[in-house]
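okay, structure incoming, though there's no sequence with it:
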Ligand code: THU
């Protein structure tokens, strides 16, 4: 099945900056108005400063004025589909737990997750005290 969102995630994989891990990740967010915003991982000599592809896509989308997301496509160099890391799950959760995540492995396998299932008992803004 051809899907522009998956194609966008695959295309941005080529732009990943991963000289240390050599593990490239490409992500693409689909907004509720149909806009597609890609992101790739950006590594750093200070390893803790690494930005994952999913968080790069969220930051780019928000900077473009988008906050409502329908789907996220994820691709990487791994043969099998990968799931977003814990930090990215939390960042994605800020914008809604109904997000559908389609992960595609380098050998073509696909898995579909719901963010709600990947991050049960999520901590969200609803958990903050009033006024925070
Ligand atoms: N990475 C992502 O971009 N997304 C994930 O969900 C998992 C990990 C990146 C971070 C780092 O550049 C490389 O993969 C190896 O961890």
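Thanks, I have the structure now. Predicted, not measured: the structure shown is a model, and the values here were computed from it.

where does pLDDT dip in the chain?
Counting by pLDDT under 70, the chain shows low-confidence ranges at 1-2.

try it again with 50
By pLDDT under 50, the weakly predicted segments of the chain are 1.

which residue is nearest the middle of it?
residue 54 (2.6 Å; C-alpha atoms, centre = their mean).

do a quick rundown of the strands in this protein.
25-31, 36-40, 69-76, 100-104, 110-114 (DSSP state E).

give me the contacts around the first one.
The one in question is strand 25-31. 5-6, 8-16, 18, 36-41, 52-54, 56-58, 61, 66, 68-77, 82 (C-beta atoms under 8 Å, 6 or more residues apart in numbering). Just so you know, the C-beta spots here come from the backbone N, C-alpha and C atoms, and that holds for glycine as well.

next: the second one.
Residues from elsewhere that reach strand 36-40, judged by C-beta under 8 Å, 6+ apart: 4-5, 8-9, 11-13, 15-17, 24-31, 53-61, 64, 66.

in helices, which of those appear?
Members of those lying in helices (criterion: DSSP state H): 4-5, 8-9, 11-13, 53-61.

in PyMOL, how would I select just the buried ones from these?
Buried members of the ones in helices among the contacts of strand 36-40, defined by 16 or more other C-beta atoms under 10 Å, are picked up in PyMOL with:
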select buried, resi 5+8+9+12+13+53+54+55+56+57+58+60+61
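
what residues does the chain have near the ligand?
Taking C-beta under 6 Å from any ligand atom, the part of the chain that reaches the ligand is made up of 18, 21, 23, 25, 41, 43, 50, 52-54, 84-85, 88.

most neighbours of all these, which one?
Of all the residues of the chain next to the ligand, residue 53 has the most neighbours under the rule other C-beta atoms under 10 Å, reaching 30 neighbours.

pretty sure that one sits against residue 41.
Yes. Residue 53 lies in contact with residue 41 (C-beta atoms under 8 Å); the separation is 4.6 Å.
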